[in-house]
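>>> Provided below for reference: sequence and predicted model.
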Amino acid sequence: MPDFNESPERVIAPVPRITIQAFCETGETAASIEAAGSDRRLQKAQIKIQMGGGPAAVEAFRHAPTPNVVIIETQGTKSRPLEILDSLAEVCDEGTKVVVIGHVNDVQLYRQFIQRGVSEYLMAPVEPIVLIQALSDLFTAPGAKPVGRTIAVVGAKGGVGSSTIAHNLAWTVAREHGMATVIADLDIAFGTASLNFNQDPPQGIAEAVFAPERLDSNLLDRLLSKCSDNLSLLSAPATLERTTDLTEPSFDNLIDLLRAAVPCVVLDVPHTWSAWTRRLLISSDEIIVVAQPELASLRNLKNLLTLLQQNRPNDARPRIVLNSVGVPKRPEISAGEFAKALDATLTAAIPYDPALFGTAANNGQMIAEVQAGAKASDVFSELAARMIGRSETRRVRGNLFEPLLSRLSRRRAS
């Protein structure tokens with residue numbers, strides 16, 4: 001499995017399956033905690049919010065076990081925070097973590113909180129993303145390597161080229177930025193990643209999904225097929241032996257293992273609408289939606305953006321890539337009108353170039369391997385840099401034999 005190289009931008013790790021009880025003194029803090037609780041990174045946590053502050057917490061735990069995390073809001077000395085913490089210590093179970101949300105910026109008070117075992121002190125008003133980060137940090141071991149960034153690529157409709165874009169994006173991140181990357185082909189029945197990378201691995205994602213009880217880091221390592229020094233493939237079998245009526249959390253363990261293994265995971269998400277594809281999209285760190293400049297793509301994309309924005313209030317909006325722009329004699333919606341209808345900014349537009357993309361597909365190559373100076377190659381370079389938070393690309397100088405050498409190295413790896 002590739003070595004883990006830290007991403008330039010830190011990714012907030014999902015909070016594990018824990019219980020959290022919050023005791024607030026103001027409606028504003030209660031609303032902020034409620035907003036944090038609906039975030040994708042806290043989907044495994046159980047959160048209960050009550051009013052009454054510290055005294056209510058002490059009373060609640062006199063005859064009941066404490067949760068993994070207790071959040072207490074205190075409005076300063078009038079709330080008797082130190083006295084409340086001493087009383088709480090008498091009823092708290094060992095291992096319970098305490099987070100205090102305060103309204104006083106006092107270093108001395110902060111030190112007294114820490115001396116009493118408080119895990120974190122946050123100043124009110126607290127933004128949901130700040131609380132999410134604090135809760136995540138509580139369950140991250142000191143010195144632990146950061147979790148990898150997941151980038152989900154999905155089409156607004158079938159046949160818009162989202163898989164091609166996902167594969168070229170992953171290849172570009174690995175090649176131009178030297179970042180260990182995995183491309184996971186989630187279209188179990190019809191996936192094309194193995195074809196596009198000229199691979200024929202004997203195992204792949206089906207073994208991870210249909211036997212989740214066997215999946216661990218060792219098995220995952222065997223399932224990955226090496227495409228280059230920094231790029232590995234988790235391929236789809238592309239057979240119809242089994243249907244893919246998967247449950248909502250079917251990919252959870254796989255994604256967790258991939259995030260722990262490499263800094264960049266590109267998910268090639270099929271254009272199907274099911275519980276598991278919805279969950280994957282909502283829980284990804286970054287989302288790219290691929291569309292073509294026509295009405296069906298526009299309608300579907302608008303619906304998808306609305307759903308994702310509702311379920312990802314603390315995340316950036318999905319990136320929109322317009323593909324196959326400029327097909328001769330085809331009436332198209334202009335890029336400007338397309339963006340205006342969505343009230344969004346297009347991240348990239350890829351020109352229609354059937355000869356280039358057809359040659360790459362038939363040869364099992366990436367676009368830059370066929371024609372490094374093509375407009376599409378530049379788009380993928382810019383897109384890759386954006387997705388991993390880097391403004392500069394580390395271009396690798398090519399030569400006339402590069403496509404041949406690349407294909408030979410892939411065959412050796414497989």
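Everything's here; your move.

>>> name the SS class of the residue nearest to Ala374 when sequence neighbours are not counted, please.
Spatial nearest neighbour of Ala374, excluding adjacent residues (CB to CB, 6 or more residues apart in numbering): Leu356 at 5.8 Å. All C-beta atoms are positioned from the backbone trio N, CA, C, and that covers glycine. Remark: Leu356 carries the secondary structure label helix [criterion: DSSP: H, G, I helix; E, B strand; the rest coil].

>>> pretty sure Leu356 contacts Glu369?
No: shown here, Leu356 and Glu369 do not form a contact pair, counting by CB atoms under 8 Å, at 10.9 Å.

>>> tell me how far the helix or strand harbouring Ala35 lies from the chain's centre.
Element membership of Ala35 [criterion: DSSP states H and E] is helix 27-37. Averaged C-alpha coordinates place helix 27-37 at 23 Å from its chain's average position (CA atoms, centre = their mean, to the nearest Å).

>>> buried residues in that helix, which are they?
Burial within helix 27-37, assessed by neighbour count using 16 or more other CB atoms under 10 Å, is assigned to Thr29, Ala30, Ser32, Ile33, Ala35, Ala36, Gly37.

>>> got the contact list for the first one?
Going by CB atoms under 8 Å, 6 or more residues apart in numbering, Thr29 touches Glu73, Ile101, Ala124, Pro125, Val126.

>>> count of neighbours near Ile388?
Residues within reach of Ile388, counting by other CB atoms under 10 Å, total 21.

>>> now swap in Ser228 and tell me
By the measure other CB under 10 Å, the count of residues near Ser228 is 17.

>>> tell me the SS of it?
Strictly by three-state DSSP, Ser228 counts as coil.

>>> just the pLDDT for the closest residue to it other than its chain neighbours.
The spatially closest residue to Ser228, leaving aside those adjacent along the chain, is Ala174, at 6.3 Å (CB to CB, 6+ apart). The model reports Ala174 with a pLDDT of 95.

>>> related to what we said a few turns ago, neighbours around the residue nearest to Ala374, how many?
By the other CB under 10 Å criterion, the neighbourhood of Leu356 contains 17 residues.

>>> equivalent analysis for the one 3 residues further on, please.
Counted with other CB under 10 Å, residues neighbouring Thr359 total 15.

>>> next structured bit after the helix holding Ala35?
Beyond helix 27-37 on the C-terminal side, the first helix or strand identified by DSSP H and E is strand 46-51.

>>> mean confidence for that following strand?
Taken as a whole, strand 46-51 has a mean pLDDT of 96.

>>> contact partners of that strand?
Contacts made with strand 46-51 from outside it, assessed by CB under 8 Å, 6+ apart, are listed as 18-25, 30, 33-34, 37, 56, 60, 67.

>>> what of stretch 353-361?
Stretch 353-361 has contacts (CB under 8 Å, 6+ apart) with 161, 164, 195-196, 365-367, 369-371, 374-376.

>>> now it - C-alpha only, PDB.
Provided in PDB are the C-alpha atoms of stretch 353-361 (Å, rounded to 0.1, in the frame of the first residue of the first chain):
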ATOM      1  CA  ASP A 353     -12.300  16.300 -28.500                       C
ATOM      2  CA  PRO A 354     -13.400  12.800 -29.700                       C
ATOM      3  CA  ALA A 355     -10.100  11.800 -31.300                       C
ATOM      4  CA  LEU A 356      -8.100  12.500 -28.100                       C
ATOM      5  CA  PHE A 357     -10.500  11.000 -25.700                       C
ATOM      6  CA  GLY A 358     -11.200   8.000 -28.000                       C
ATOM      7  CA  THR A 359      -7.500   7.300 -28.400                       C
ATOM      8  CA  ALA A 360      -6.900   7.400 -24.700                       C
ATOM      9  CA  ALA A 361      -9.900   5.100 -24.000                       C
END
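
>>> the helices in the stretch 251-400 of the chain, which residues?
For the stretch 251-400 of the chain, applying DSSP state H, counting those that start in this stretch gives helices covering 252-261, 275-283, 295-311, 335-342, 354-363, 367-370, 375-387.

>>> between helix 375-387 and the helix or strand where the residue nearest to Ser228 lies, find me the angle.
Per DSSP H and E, Ala174 falls inside helix 162-177. Our comparison of helix 162-177 with helix 375-387, counting by axes from the mean of the first three to the mean of the last three CA atoms, to 10 degrees, yields an angle of 70 degrees.

>>> which stretches of the chain have low pLDDT?
Under the criterion of pLDDT under 70, the regions of the chain flagged as low confidence span 1-9, 391-414.

>>> can you tell me the SS state at the residue of it most remote from its centre?
Residue farthest from the centre of the chain, counting by CA atoms, centre = their mean, is Lys78 at 42.4 Å. Taking three-state DSSP as the rule, one finds Lys78 in the helix state.

>>> the helix or strand harbouring Thr150 packs against which elements?
Remark: Thr150 resides in strand 149-155, with elements defined by DSSP H and E. Strand 149-155 sits against helix 162-177, helix 252-261, strand 264-268, helix 275-283, strand 286-291, with contacts defined as 3 or more CB pairs under 8 Å, 6 or more residues apart in numbering; DSSP states H and E.

>>> ok, back up a step: single out the most deeply packed of the helices of the stretch 251-400 of the chain.
helix 367-370 (a mean of 24; mean count of other CB atoms under 10 Å).

>>> restricting to C-alpha, output that helix in PDB.
Once side chains and other backbone atoms are set aside, the C-alpha atoms of helix 367-370 remain, and they are given as PDB (Å, rounded to 0.1, in the frame of the first residue of the first chain):
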ATOM      1  CA  ILE A 367      -5.300  12.200 -21.600                       C
ATOM      2  CA  ALA A 368      -1.900  13.700 -20.800                       C
ATOM      3  CA  GLU A 369      -0.200  10.400 -21.800                       C
ATOM      4  CA  VAL A 370      -1.700  10.800 -25.300                       C
END
